[in-house]
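**Student:** Pasting the sequence and the predicted model now:
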Amino acid sequence: MSFFEMGGYAAYVWPAFGAAAAIMIALLVQSLRAMRAREAALRTLEATARRRRGTGDGDRDHDGERNAPA
């Protein structure tokens with residue numbers, strides 16, 4: 001049991017471990033939420049770009065350059 005008592009410093013060590021664990025979990029959750037939001041924004045931008053390319057100028061390539069007249 002002396003391990004858990006930490007030589008009399010358990011009142012300082014265990015809360016520090018708990019705080020560090022809570023911060024790391026909060027950072028993980030925040031990172032995952034931000035990643036999902038950015039992935040959703042990317043999907044929206046890609047869909048918008050696809051719609052523009054599909055309904056846009058018939059005389060332009062997909063990269064925006066004009067085609068030579070046939």
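**Tutor:** It's in.
**Student:** what's the spacing between Glu5 and Ala21?
**Tutor:** Glu5 sits 20 Å away from Ala21, going by Cβ to Cβ, to the nearest Å. Placement of C-beta: from N, CA and C, glycine included.
**Student:** Could you do Leu32 as well?
**Tutor:** Distance from Leu32 to Ala21, by Cβ to Cβ: 17 Å.
**Student:** now do Ser31
**Tutor:** For Ser31 relative to Ala21 (Cβ to Cβ), the value is 16 Å.
**Student:** again, but for Gly54
**Tutor:** Distance from Gly54 to Ala21, by Cβ to Cβ: 49 Å.
**Student:** residue ranges of the helices in the protein, please?
**Tutor:** 2-5, 10-55 (DSSP state H).
**Student:** residues in contact with the shortest one?
**Tutor:** Spelled out, that is helix 2-5. Ala10 (Cβ atoms under 8 Å, 6 or more residues apart in numbering).
**Student:** for the record, mean pLDDT for it?
**Tutor:** Mean pLDDT, helix 2-5: 85.
**Student:** can you pull the buried residues of it?
**Tutor:** Neighbour-count burial for helix 2-5, counted by 16 or more other Cβ atoms under 10 Å, picks out no residue.
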